[in-house]
Structure formats: C-alpha cells, structure tokens
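**Q** Give me coordinates for this.
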Amino acid sequence: MIQPRGPREDVKVYQPDEFALTETGYRGPAPSGAPGAAALWVVDAELQGGRAHQLAPDILDAEELRRAGSLIAAADRRCYVASHVALRVLLGAWLKIAPAAVVLRREPCPSCGGPHGRPATDGGVHFSLSHSRGVALLAFADVPVGVDVELAPQARTVSDIGYQLHPAEIRELAELPEEQRPAAFVRAWTRKEAYLKGKGIGLADGLSHDHVGTGPRPQPGPPGWTVTDVAVPAGYAAAVAVRTAGQSPARDDDRRK
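**A** Here you go, the predicted model:
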C-alpha cells in the first residue's frame, strides 16, 4: 500500500512496480527531468536484491563491493547492493554510458571543506540516494537534490531523540497524542535530512536550525529550497529537497527563523 503524499508538479516519483533490474540493465521509464525538477525512483531492494547480487561484480566499484561485504546483516547487504546497483544503472542510462563506467566522487563539504560533501558524478546530473530496511529512494535533477527514507520509529525513539528538532517542532510533537508522535517525528526527520543531504553537510549540522514542520505537509523553505514529502510504502516516510533554480542557498540567519 502506498501512502499519498501530495505530489508536486516539479517532483516525479516512480514507484517500485515501475523499476525492475534485468540481465542487461533495467526495465522502466527512461531517466529524464525538466529543468529544476527532480525525478525519483522508489526501489524495492528486497525484490530486486537477487538480480542486483548477480549484477554487482560487473557494475559496482571496489569500494562499493568492500562496503557491501563489511555489512554483517544479510538484509543490510541486500539493500546496499540493490540500491547502489540501481543508482549506477539509472545514472548510466541518464549519462548514456555503461553503469560500471559511472565515476562517483564526493564534493568538498560546505562546512569544513573535507572530502565528504554531496556525492557527485560527471555530466551535469545531481543525484541523491537513501535506503532503509528494504526500501531505497533515488533522486536525479539538474540542480542539487537530497532525499531521505526512514522506517517509522518506535515511540521510545521519539522520546529519546525528539529534543534534537527545532523548538517549534518539539512543541508540535508535545501537543499531539502519544500514538501520533512517531509519524509526525519521522516526517520532520526525513524532511530535514533530505535538505541537509542536498546541501552536502548531512546531520553533522544538527536538526534544530530549520523549521520544516511535523504536520502532513512541510512548512515552506528553507530559503532557496523546496521540500516535498514522497509517496512510499506504508510504514515508511520519505522526503526530497530540491534547490530552487535561480535562488541562493539559505544563510545561517535565514535558517534560524
């Protein structure tokens, strides 16, 4: 069952039944997007795991294979391999090159300049990847983009880490019945992480600066970005953040409003 999330015209989402790995690549829509828009694929990593495992030795690079092999849980390895094979297959189709020929690198971190900023490749396409417990989410655009997908947390998790959110979001959670807090919390979390990944700084910048809201729809902003919830299988939440064409990124004083 897919949860409706109010799609925007500038975000196109392809669901798991629209993507299947094959012996020679994948079956599904050709990667493309309008200027300033994002194209997203929701991938069932469990369903695609077997084929991805067969393709991985010829597609993934040495570092990806090493990281996959270092994961202890079989489910985590399947999800990692399926999501990274899907990423390379879709990037290869977008760039019109073989998946194994896609060069992946990291941009400098905007905060410290270290080599752990946004993932990047050649050819003018921006992308982002997230995976959680069998579901992968991939985004592609001609502007910076970030995505996050998370399995809905337990109530105790919300109690343990909810204090990390923006003060207004902490108040919003406190006003909700306890049974509604996990869904509200994970909405805020995925929106924030998608935005921070789009910026290339990740969670190291903290979650308290930006008010994206815990309600059914995100709050506007942060300045220079559009944050949208994404339709994903029941039990998960997801969001995408797209840099607004022609807009400068948010300044710190903007973000703290």
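**Q** Can you say which helix or strand has the residue nearest to the spatial centre of the chain in it?
**A** The chain has V147 as the residue nearest its centroid, 2.2 Å off, counting by CA atoms, centre = their mean. Here V147 sits within strand 145-151, counting by DSSP states H and E.
**Q** Go through the next helix-or-strand element following that strand and flag the buried ones.
**A** The helix or strand immediately downstream of strand 145-151 is helix 155-161, counting by DSSP H and E. Residues V158 are the ones in helix 155-161 that count as buried (16 or more other CB atoms under 10 Å). To be clear about C-beta, it is placed using only N, CA and C from the backbone, and glycine gets the same treatment.
**Q** by contact count, what packs against helix 155-161?
**A** helix 181-199 (3 or more CB pairs under 8 Å, 6 or more residues apart in numbering; DSSP states H and E).
**Q** could you give the angle of the helix it packs on to strand 145-151?
**A** 150 degrees (axes from the mean of the first three to the mean of the last three CA atoms, to 10 degrees).
**Q** elements contacting the helix or strand immediately after helix 181-199 in the chain?
**A** The first helix or strand that comes after helix 181-199 along the chain, using DSSP H and E, is strand 225-229. Secondary-structure packing of strand 225-229 (3+ CB pairs under 8 Å, 6+ apart): helix 181-199, strand 236-243.
**Q** With mean pLDDT added, can I get those in a markdown table?
**A** Shown next, in a markdown table, are these (pLDDT from 0 to 100):
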| stretch | mean pLDDT |
| --- | --- |
| helix 181-199 | 95 |
| strand 236-243 | 96 |
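**Q** Spatially nearest residue to K12 (excluding sequence neighbours)?
**A** A39 (4.9 Å; CB to CB, 6 or more residues apart in numbering).
**Q** What helix or strand is the one you found located in?
**A** Residue-wise, A39 maps onto strand 38-44 under DSSP H and E.
**Q** Could you tell me which residues within the helix or strand just after that strand count as buried?
**A** Proceeding N to C from strand 38-44, the next assigned helix or strand is helix 45-59, under DSSP H and E. Going by neighbour count (16+ other CB under 10 Å), the buried part of helix 45-59 is A45, L47, Q48, G49, R51, A52, H53, L55, A56, I59.
**Q** returning to what we had before: the strand holding V147 vs strand 38-44, what angle?
**A** Using the same axes, to 10 degrees: strand 145-151 against strand 38-44 is 30 degrees.
**Q** Each with direction, which strands does strand 145-151 pair with?
**A** Sheet pairing of strand 145-151 (DSSP bridges) gives strand 236-243 (antiparallel).
**Q** relative orientation of the strand it pairs with and strand 225-229 in degrees?
**A** Here strand 236-243 runs at an angle of 160 degrees relative to strand 225-229 (the same axes, to 10 degrees).
**Q** With just CA atoms, put the strand holding V147 into CSV.
**A** Extracted as CSV, the C-alpha positions of strand 145-151 are listed here (Å, rounded to 0.1, in the frame of the first residue of the first chain):
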residue,chain,number,x,y,z
VAL,A,145,18.9,17.5,-4.6
GLY,A,146,18.7,15.4,-1.5
VAL,A,147,16.4,12.5,-0.4
ASP,A,148,15.8,10.5,2.8
VAL,A,149,13.6,7.5,3.5
GLU,A,150,13.2,6.1,7.0
LEU,A,151,11.2,3.3,8.7
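**Q** So what's the model's average confidence on it?
**A** Strand 145-151 comes out with an average pLDDT of 97.
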